[in-house]
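Colleague: attaching a predicted model along with its sequence, questions to come.
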Amino acid sequence: KKSMDGTPENPTQNQNIILALAKLGACVHCIARFLQQEPKDLRTATETTESLLGELNQEQKIEFETRPRTEICPFCLGLLETVRTPEYRDMVVQNVGSSGYQFEDFNIKPAVPNVTLLQDRATLYYLEDTIGLPARELISVKDAIRCIIVDHILKAFPFSSFDAFSGFVVHIKYTHPSTESITQLFALPAKKLARKDVAATHNSQNTVRTILTAFTKEQVLEKVSGVPATLTERPTTSFTYQRDPIFIAGRYVKRSRETSQTPMIIKGERIAKYSIEEQMGSFFLPKFEGTACKLMGAGREDMDVRMLGEGRPFILQMDECRKIKLDDYLALEKEINGVEDPVILVRDLQMVDKFANKEHLQEGEKEKKKHYRALVEIPPSTPNSAIEALNATQMPLILNQMTPIRVLHRRVAMTRDKEIFHIHAERVEDRFIYLDLVTAAGTYVKEFAHGDFGRTTPNLSSMLGTDGLCDLYLLDVAKVDFPWPPKTSPSVLEYTVPTMLEELKMGVKPQNNIDFEG
């Protein structure tokens, strides 16, 4: 039978537990942990222990008062007394407050020397043999410390809340070198430690708990005495902080043909002059005080392809951000878009949840329609009637595209069926046409233009009857037809870019078959 707080309603056994643990040097908080038959709130258990101490008879009180005194509890290494002191509370609050991290909720992850688990188990066996204490689960020192420190932080930062799944984690590591040798007695076999996934976590409390289940009572007591040794030093404390990545969504416009989506460095040589990821990072990371960023787009254009219209949807992941809020995203848009001759422009900036919105991004990458404008060279002898026939092609047009030669080194060789939903060509000079296309996601437009040695059929050359002599000079993505993220910018992006013919006159080099995004 148990009381409401989980302790057994057996006064004699409770008194025996108190006296036995007191003789072993346990603090009142650890005595409370051993009195629990089920993990409960340690504060209640401590109050219960203090109440039971008052119920000891005169002989027991004398025995308790004359017990051998130890300055440091050998079960919690003195931590449960230390973390309750005003000095320790102030130290925790000062560390968290000066970390520079903004937070609305938090999690606490103490890392306590594993000897606390081993000593708890050995002493439970010792009490079983000496006073007949039945097996029970104890509140771990780690969980008890978490409970105390959570209270400290909540009182100091009343706007915050504790959340075991919070993206902001305070890691508090307690180091006690003098007891590490005991933990090593329970190390995993060298063969298992050779596995990287095990080696990285072999010293965690969960791993130690798992290892202990494989040891018999005799094996545990052979390695760790149920009567703990006297300690002469307390653990040291260190703090580290961890922030889950935060995610900003929006749309980007790319005006440059020298800009890759992500940094492009091949064999130590930088191929693209700029990258969208780095350009965004230069604006976003200082605002959020992050350490690194990663750009994820709803698809990607080649380095030498402009992304125009209202832009391509993206999510920017930022790591270890000390700030999690931005008061005015429109002001940041104006700052990015207002630089002289901007490489990129952005709109519809907003904070998003990764898991809820990454699916949108992936859906957009696979399902969206893309609008292109290309400048294509054709033989001057191509009759206008061939262009008119092209414009009259019944839609949708199904293409059979083998993996292009330029990407065979990184894509599996296979044939893909892709659709063209709209096609229109306009002759602008004897040897050039503007080609407007609306295609399914994943269509290789360059290969549609020149045929890729017959690997894309039908293709523009075959449809115009030019015997493979069509070649794509310049390409723009005019629009990504995908309604995400939600619009937040009040106006249309205003910017100018030269036409493709103007670019040719300015000396912009024509497209080639290099795999720029490989």
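Modeller: Looks like it came in fine. From a predicted model like this one, the values you see are computed outputs, not experimental measurements.
Colleague: where does this protein have low pLDDT?
Modeller: 1-11, 37-50, 53-70, 181-205, 354-367, 511-518 (pLDDT under 70).
Colleague: buried sites along stretch 85-93?
Modeller: Neighbour counts using 16 or more other Cβ atoms under 10 Å place 88-89, 92-93 of stretch 85-93 among the buried residues. C-beta: built from backbone N, CA, C; applies to glycine.
Colleague: burial of residue 384, as a residue count?
Modeller: 8 (other Cβ atoms under 10 Å).
Colleague: does it really touch residue 430, like I thought?
Modeller: No - in this structure, residue 384 is not within contact of residue 430 by Cβ atoms under 8 Å, at 10.7 Å.
Colleague: distance of residue 434 from residue 372?
Modeller: Distance, residue 434 to residue 372, by Cβ to Cβ, to the nearest Å: 11 Å.
Colleague: which one of these two is surrounded by more residues?
Modeller: The neighbour count for residue 434 versus residue 372, taken as other Cβ under 10 Å, is higher for residue 372 (21 against 16).
Colleague: list the contacts of that one.
Modeller: For residue 372, the contact set (Cβ atoms under 8 Å, 6 or more residues apart in numbering) comprises 435-439, 445, 475-478.
Colleague: what about it, which helix or strand?
Modeller: Counting by DSSP states H and E, the element that carries residue 372 is strand 369-377.
Colleague: and the contacts of the next helix or strand after that strand?
Modeller: Following strand 369-377 in sequence order, the next helix or strand is helix 384-391 (DSSP H and E). Outside helix 384-391, the residues within contact range by Cβ under 8 Å, 6+ apart are 423-425, 427, 433, 460, 463-465.
Colleague: the strand holding residue 372 pairs with which strands?
Modeller: Looking at strand 369-377 with DSSP bridges, its partner strands are strand 432-440 (antiparallel), strand 471-481 (antiparallel).
Colleague: for residue 321, find the nearest of those.
Modeller: strand 471-481 (27.4 Å; Cβ to Cβ).
Colleague: CA atoms only for the closest one, dumped as PDB, please.
Modeller: Taking Å, rounded to 0.1, in the frame of the first residue of the first chain, the C-alpha atoms of strand 471-481 are listed here in PDB:
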ATOM      1  CA  ASP A 471      21.000  25.900 -80.500                       C
ATOM      2  CA  LEU A 472      19.900  27.600 -77.300                       C
ATOM      3  CA  TYR A 473      21.800  30.800 -76.700                       C
ATOM      4  CA  LEU A 474      20.300  32.200 -73.500                       C
ATOM      5  CA  LEU A 475      17.500  31.000 -71.100                       C
ATOM      6  CA  ASP A 476      15.400  32.700 -68.500                       C
ATOM      7  CA  VAL A 477      12.900  31.200 -66.100                       C
ATOM      8  CA  ALA A 478      10.000  33.600 -66.500                       C
ATOM      9  CA  LYS A 479       7.700  32.200 -63.800                       C
ATOM     10  CA  VAL A 480       7.400  29.300 -61.300                       C
ATOM     11  CA  ASP A 481       3.700  28.500 -61.200                       C
END
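Colleague: name the residues of it that are buried.
Modeller: Using 16+ other Cβ under 10 Å, the residues of strand 471-481 that count as buried are 471-480.
Colleague: helices of the stretch 101-250 of the chain, start to end?
Modeller: Under the criterion DSSP state H, counting those that start in this stretch, helices of the stretch 101-250 of the chain are mapped to 115-131, 141-156, 180-184, 190-193, 196-199, 205-213, 217-223.
Colleague: redo the ones you listed as a markdown table? Include distance to residue 31 and mean neighbour count.
Modeller: Shown next, in a markdown table, are the helices of the stretch 101-250 of the chain (distance: least, Cβ to Cβ, whole Å; neighbours: other Cβ atoms under 10 Å):
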| stretch | distance to residue 31 | mean neighbour count |
| --- | --- | --- |
| helix 115-131 | 11 | 20 |
| helix 141-156 | 12 | 19 |
| helix 180-184 | 22 | 14 |
| helix 190-193 | 36 | 10 |
| helix 196-199 | 36 | 10 |
| helix 205-213 | 22 | 14 |
| helix 217-223 | 21 | 14 |
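Colleague: circling back: most neighbours among the contacts of helix 384-391, which one?
Modeller: So for the contacts of helix 384-391 (other Cβ under 10 Å), the most neighbours sit at residue 460, 27 neighbours.
Colleague: any idea how far residue 84 is from the residue nearest to residue 97 when sequence neighbours are not counted?
Modeller: Spatial nearest neighbour of residue 97, excluding adjacent residues (Cβ to Cβ, 6 or more residues apart in numbering): residue 156 at 7.3 Å. Going from residue 156 to residue 84 by Cβ to Cβ gives 15 Å.
Colleague: next: residue 158.
Modeller: According to Cβ to Cβ, residue 158 stands 20 Å off from residue 84.
Colleague: please say which of these two ends up with more neighbours.
Modeller: When residue 158 and residue 84 are compared for neighbours, residue 84 comes out ahead with 16 against 8, by other Cβ under 10 Å.
Colleague: what's near enough to touch that one?
Modeller: 29, 148.
Colleague: who are the packing partners of the helix or strand encompassing residue 449?
Modeller: Here residue 449, judged by DSSP H and E, is contained in helix 445-450. Packing contacts for helix 445-450, counted by 3 or more Cβ pairs under 8 Å, 6 or more residues apart in numbering; DSSP states H and E, involve strand 369-377, strand 397-402, strand 432-440, helix 460-464, strand 471-481.
Colleague: C-terminal to it, what's the next element?
Modeller: strand 456-457.
Colleague: contact partners of that next one?
Modeller: 399-402, 404, 444, 447-448, 451.
Colleague: kindly report the same for stretch 406-422.
Modeller: Against stretch 406-422 from outside (Cβ under 8 Å, 6+ apart): 369, 395-404, 436-440, 442-444, 448, 513-515, 518.
Colleague: swap in 6 Å and give it another go.
Modeller: With Cβ atoms under 6 Å, 6 or more residues apart in numbering as the contact definition, stretch 406-422 has outside contacts at 395-403, 438-440, 443, 513, 515, 518.
Colleague: and that stretch, how far from the chain's centre?
Modeller: 32 Å (Cα atoms, centre = their mean, to the nearest Å).
Colleague: what residues sit buried inside it?
Modeller: Across stretch 406-422, burial judged by 16+ other Cβ under 10 Å covers 406, 418, 420.
Colleague: I'd like the residues you listed as TSV, with distance to residue 21 and secondary structure appended.
Modeller: Shown next, in TSV, are these (distance: Cβ to Cβ, whole Å; DSSP: H, G, I helix; E, B strand; the rest coil):
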residue	distance to residue 21	secondary structure
406	74	helix
418	74	strand
420	80	strand
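Colleague: now, which of these sits nearest residue 378?
Modeller: residue 420 (17.8 Å).
Colleague: and the closest one, how far from residue 348?
Modeller: Shown here: residue 420 relative to residue 348, a distance of 28 Å by Cβ to Cβ.
Colleague: tell me the SS of the residue nearest to residue 508 when sequence neighbours are not counted?
Modeller: Using Cβ to Cβ, 6+ apart and skipping the chain neighbours, the partner closest in space to residue 508 is residue 257 (6.5 Å). At residue 257 the chain is in coil, as set by DSSP: H, G, I helix; E, B strand; the rest coil.
Colleague: so how far is residue 302 from residue 257?
Modeller: Residue 257 sits at a distance of 9 Å from residue 302 (criterion: Cβ to Cβ).
Colleague: just to revisit the earlier point, may I see the helices and strands packed on helix 445-450 arranged in JSON lines, with distance to residue 147 as well?
Modeller: Listed next are the helices and strands packed on helix 445-450 as JSON lines, based on distance: least, Cβ to Cβ, whole Å:
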{"stretch": "strand 369-377", "distance to residue 147": "55"}
{"stretch": "strand 397-402", "distance to residue 147": "61"}
{"stretch": "strand 432-440", "distance to residue 147": "56"}
{"stretch": "helix 460-464", "distance to residue 147": "70"}
{"stretch": "strand 471-481", "distance to residue 147": "50"}
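Colleague: give me the number of residues near the residue lying closest to residue 255 once chain neighbours are set aside?
Modeller: The spatially closest residue to residue 255, leaving aside those adjacent along the chain, is residue 497, at 5.5 Å (Cβ to Cβ, 6+ apart). Neighbour count for residue 497, taken as other Cβ under 10 Å: 14.
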